[in-house]
Structures are given as structure tokens and as C-alpha cells.
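Colleague: Got a sequence here, can you model it:
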Amino acid sequence: MDVDFDRLFKAIDRQTFVRDYLDQRVYHEAGSVQDVGRLFSWAKVNDLLERPKLWDGHSVEMALGGRVLEPREYCRPGVGRAGDQNLRPDRQRVTALLQKGATFVLDYLDGIDPEIAAVTRCLERLFGTHTSCNMYCSWQSVPGYASHFDTMDVIAIQIEGEKRWNIYEGRFREATFTPGIRPNDFTTEQNDRMKGRVAQQITTRPGDILYLPRGVYHDALATDAASLHLSFGAAPLVGFTVVSMLASEAPKQEFMRKRLPHFEDRDELAAYLAAVGDHVKAMMSDPAFVDGVIDYQKGRVFEKVTGYRFPDRSGDRYFY
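Modeller: All right, here's what the predicted structure looks like:
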């Protein structure tokens with residue numbers, strides 16, 4: 001399955017989306033994905049779950065009443081594909097929690113399902129960074145997750161049922177998955193203060209696509225008997241990512257290996273730190289370093305447009 005922007009979005013072109021919505025505001029398009037049943041379905045959910053060694057406490061998540069459950073609450077000790085000991089979902093425990101209305105999540109479907117992988121590649125080209133896909137099953141009028149913000153740009157595609165999204169006025173600016181400023185690092189009371197009032201409500205139905213910029217506070221509730229949607233998350237590279245890349249390059253510079261002035265020589269130390277800043281600026285301006293950052297960005301996305309074609313052994317002819 002080959003997917004491009006125009007196959008996912010019908011009412012907007014790529015240039016307009018990037019200019020007017022990307023990292024700025026919410027976008028909702030009704031009935032955009034017309035072949036949604038081919039992309040995913042309840043039958044696919046059941047088929048995936050019948051392959052138990054694909055799943056463990058890291059790739060399955062459950063939430064109920066605004067609380068993310070611990071894996072031990074729905075898993076039991078088991079053996080993984082490589083014979084390693086892990087926690088595997090327990091059918092009876094999962095079923096008991098589902099009967100209470102728990103939300104059920106399968107992570108990393110982009111590495112398993114070829115249809116989802118094709119959409120993921122399209123979104124990686126759009127966002128220019130690594131994108132992954134999770135599946136969410138939720139049931140009518142039972143909240144799974146509390147109001148929160150995500151540290152990724154999110155594209156949600158409704159597969160089955162309906163879901164009502166509350167989009168709040170609050171936004172955590174430049175959200176990243178960094179200790180101390182992750183969504184779960186804040187209390188419910190803190191999140192409630194930061195989210196503000198509901199700015200808009202959106203109901204997604206099969207084939208609808210919804211874009212949520214990172215940091216936007218939201219929550220969602222199934223309005224139908226059962227809701228199934230896919231959530232594609234694109235984690236952007238940020239400024240301190242580039243700074244961290246200097247850690248391996250800076251020691252190669254003789255000046256950066258100089259001894260720090262004594263702490264009692266404050267003026268000398270301040271002058272040296274200013275000089276360090278100048279050297280860092282020069283390093284980041286070096287075309288070779290810029291090329292290195294570009295290569296790092298490219299490494300965050302799928303490298304190949306074409307896939308394996310067994311038994312054909314010819315090389316790839318098409319590149320993005």
C-alpha cells in the first residue's frame with residue numbers, strides 16, 4: 001500500500017497544512033480516510049491479539065478512570081519470542097478490566113502491520129521525524145485517560161465507533177519527554193489548572209482524521225458502544241538535541257579541552273565561558289556539522305520507500 005498526503009487528507013493540501021496548522025492549531029477533517037476498513041478493523045485487533053508473543057507489558061497498556069494501570073494488574077509472567085522472561089497480557093485479567101470499561105492500547109503497530117507502516121512512512125515524510133502508531137479501544141461513557149498533553153504531534157484516525165474530544169485552551173509550550181516536564185510529572189490538580197476551559201469539542205467518526213499539536217491539552221470519551229482509533233505520534237527533534245550532539249564533537253577541539261580557570265578568578269572564568277560560547281557557535285555554523293544534523297534527522301525516519309519483494313532480489317529503484 002502506497003500512501004501519500006493526498007490519500008490521507010482530502011480538504012487541504014500539504015503546503016496549507018504545514019503553513020497554517022503544523023505545530024500551531026488543531027485540524028479536523030470528516031471522512032478523509034475513505035478506505036479506513038482496509039487500514040484497520042476490529043478483526044485485525046483480534047488477529048493481532050491471537051499472536052500473544054508479540055505483546056508484553058511494554059507494548060500493551062490499559063487505563064481506567066484517569067489512571068494508567070501497572071502492567072502487573074493485567075499481565076502475568078511469561079516467555080517472549082526470544083525465550084526471555086517477561087510480563088504477558090493475561091486474557092482473564094484483561095477481560096475483567098475491559099468489563100469495567102478500561103481503555104486498551106496496543107503500541108508500536110507501525111512495526112507489525114504493513115498498511116499502518118505505509119501511513120507511518122507518509123507521516124514521517126510530512127513531519128520529518130520518527131513516527132509511531134498506537135491503537136486505542138475504549139467504551140461508551142467510561143473515561144480512560146485524564147486530561148493531558150502529549151509530547152508528540154498526534155494524528156488520530158477514527159476506525160470504528162465515535163469519540164468525543166475535548167480540546168482545552170491550555171497548551172504546554174514546546175512539550176518534550178524530559179524528566180520534570182513530562183505529562184505524568186504533573187499532578188491532576190496542576191494539569192487541571194494548566195488546561196483551562198474547553199475551547200472546542202470534536203466528535204470523530206469512521207474515516208475522520210484529527211491533528212493535535214504537541215502540548216495541547218485534551219481528553220476523549222467514546223460516545224458509541226465501542227470506539228477504535230489509531231494514534232500516530234511524531235516526536236520532533238528540538239534544540240537541546242543538537243546541543244547534545246556536540247558532546248562527541250567538542251573534545252576534538254583543542255580549546256574545548258583547556259582547563260577551566262580557578263573558581264576564585266570569576267572574571268577570568270566568565271571570559272572563558274564566553275569564549276566557549278563563541279566556539280560552540282562556530283562549531284554549529286560549520287557546514288560539516290549542519291550536514292551531520294541533516295543525516296541524524298534522516299536517520300530518524302524510514303529510509304526506504306520500497307519494501308522487500310521476495311522472491312525478487314533486484315535492488316531498489318525508487319527513492320524519496
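Colleague: ok, residue 115 - how many residues close by?
Modeller: 15 (other Cβ atoms under 10 Å). Placement of C-beta: from N, CA and C, glycine included.
Colleague: part of a helix, is it?
Modeller: Yes: counting by DSSP: H, G, I helix; E, B strand; the rest coil, residue 115 falls inside a helix.
Colleague: Surely it and residue 39 touch.
Modeller: Yes: Residue 115 is in contact with residue 39 according to Cβ atoms under 8 Å; the separation is 5.2 Å.
Colleague: for stretch 92-106, what is the average pLDDT?
Modeller: For stretch 92-106, the per-residue pLDDT values average out at 94.
Colleague: What's the end-to-end length of it?
Modeller: 17 Å (Cα to Cα, to the nearest Å).
Colleague: May I see the buried residues of it?
Modeller: Within stretch 92-106, the residues that count as buried by 16 or more other Cβ atoms under 10 Å are 93, 94, 97, 98, 101, 102, 103, 104, 105, 106.
Colleague: where exactly do the strands run in this protein?
Modeller: 27-29, 60-64, 67-68, 75-79, 85-89, 103-106, 131-139, 153-160, 163-171, 198-204, 209-212, 216-222, 226-234 (DSSP state E).
Colleague: Closest to residue 160 out of the buried residues of stretch 92-106?
Modeller: Nearest to residue 160 out of those is residue 104 (Cβ to Cβ; 13.4 Å).
Colleague: Contact partners for that closest one?
Modeller: Applying Cβ atoms under 8 Å, 6 or more residues apart in numbering, we find residue 104 in contact with 60, 61, 62, 94, 98, 136, 137, 138.
Colleague: Which one of those residues sits in the busiest neighbourhood?
Modeller: The residue in those with the most neighbours, by other Cβ under 10 Å, is residue 138 (25 neighbours).
Colleague: How much space separates it from residue 39?
Modeller: Separation of residue 138 from residue 39 (Cβ to Cβ, to the nearest Å) stands at 18 Å.
Colleague: And residue 97, by the same measure?
Modeller: Distance from residue 97 to residue 39, by Cβ to Cβ: 27 Å.
Colleague: pLDDT at the residue nearest the centre of the chain, what is it?
Modeller: Centroid check for the chain by Cα atoms, centre = their mean gives residue 233 as the closest residue, at 2.5 Å. pLDDT for residue 233: 97.
Colleague: Helices of the stretch 151-300 of the chain, residue ranges please.
Modeller: 188-195, 239-249, 266-285, 287-299 (DSSP state H, counting those that start in this stretch).
Colleague: Residue 182: which of the ones you listed is closest?
Modeller: helix 188-195 (11.5 Å).
Colleague: Just the buried residues of the closest one, please?
Modeller: Residues of helix 188-195 classed as buried: 191, 194, 195 (neighbour count, 16+ other Cβ under 10 Å).
Colleague: Output the contacting helices and strands for it.
Modeller: With contacts taken as 3 or more Cβ pairs under 8 Å, 6 or more residues apart in numbering; DSSP states H and E, helix 188-195 sits against strand 163-171, strand 216-222.
Colleague: What sits closest to the residue nearest to the centre of the chain if chain neighbours are left out?
Modeller: In this structure, residue 233 finds its nearest non-sequential neighbour in residue 152, 3.7 Å apart by Cβ to Cβ, 6 or more residues apart in numbering.
Colleague: Which strand residues bridge the residue nearest to the centre of the chain?
Modeller: residue 132, residue 154 (DSSP bridges).
Colleague: separation between it and residue 125?
Modeller: Distance, residue 233 to residue 125, by Cβ to Cβ: 15 Å.
Colleague: Then residue 219?
Modeller: On the measure of Cβ to Cβ, residue 219 and residue 125 end up 30 Å apart.
Colleague: just how off-centre is the helix or strand of the chain with the lowest mean pLDDT within its chain?
Modeller: In the chain, the helix or strand scored least confidently by mean pLDDT, DSSP states H and E is helix 239-249, which has a mean of 87. Remark: helix 239-249 is offset 22 Å from the chain centroid, using Cα atoms, centre = their mean, to the nearest Å.
Colleague: buried set for that helix?
Modeller: 245, 246, 249.
Colleague: Would you check that the first one makes contact with residue 296?
Modeller: Yes: judged on Cβ under 8 Å, residue 245 makes contact with residue 296 at a distance of 6.8 Å.
Colleague: what two of the buried residues of stretch 92-106 have the greatest distance between them?
Modeller: 101 and 106 (17.7 Å).
Colleague: burial count for residue 30?
Modeller: Residue 30: 15 surrounding residues under other Cβ under 10 Å.
Colleague: With residue 172 instead?
Modeller: 21.
Colleague: Confirm for me that residue 139 is in contact with residue 225.
Modeller: Yes: at 7.1 Å, residue 139 counts as touching residue 225 under the criterion of Cβ under 8 Å.
Colleague: more neighbours, these two?
Modeller: Ranked by neighbour count (other Cβ under 10 Å), residue 139 and residue 225 place residue 139 first, with 20 against 11.
Colleague: and the residue nearest to that one when sequence neighbours are not counted, what is it in contact with?
Modeller: Excluding the flanking residues, the one nearest residue 139 by Cβ to Cβ, 6+ apart is residue 101, at 5.0 Å. Counting by Cβ under 8 Å, 6+ apart, residue 101 makes contact with 64, 139, 141, 142, 144.
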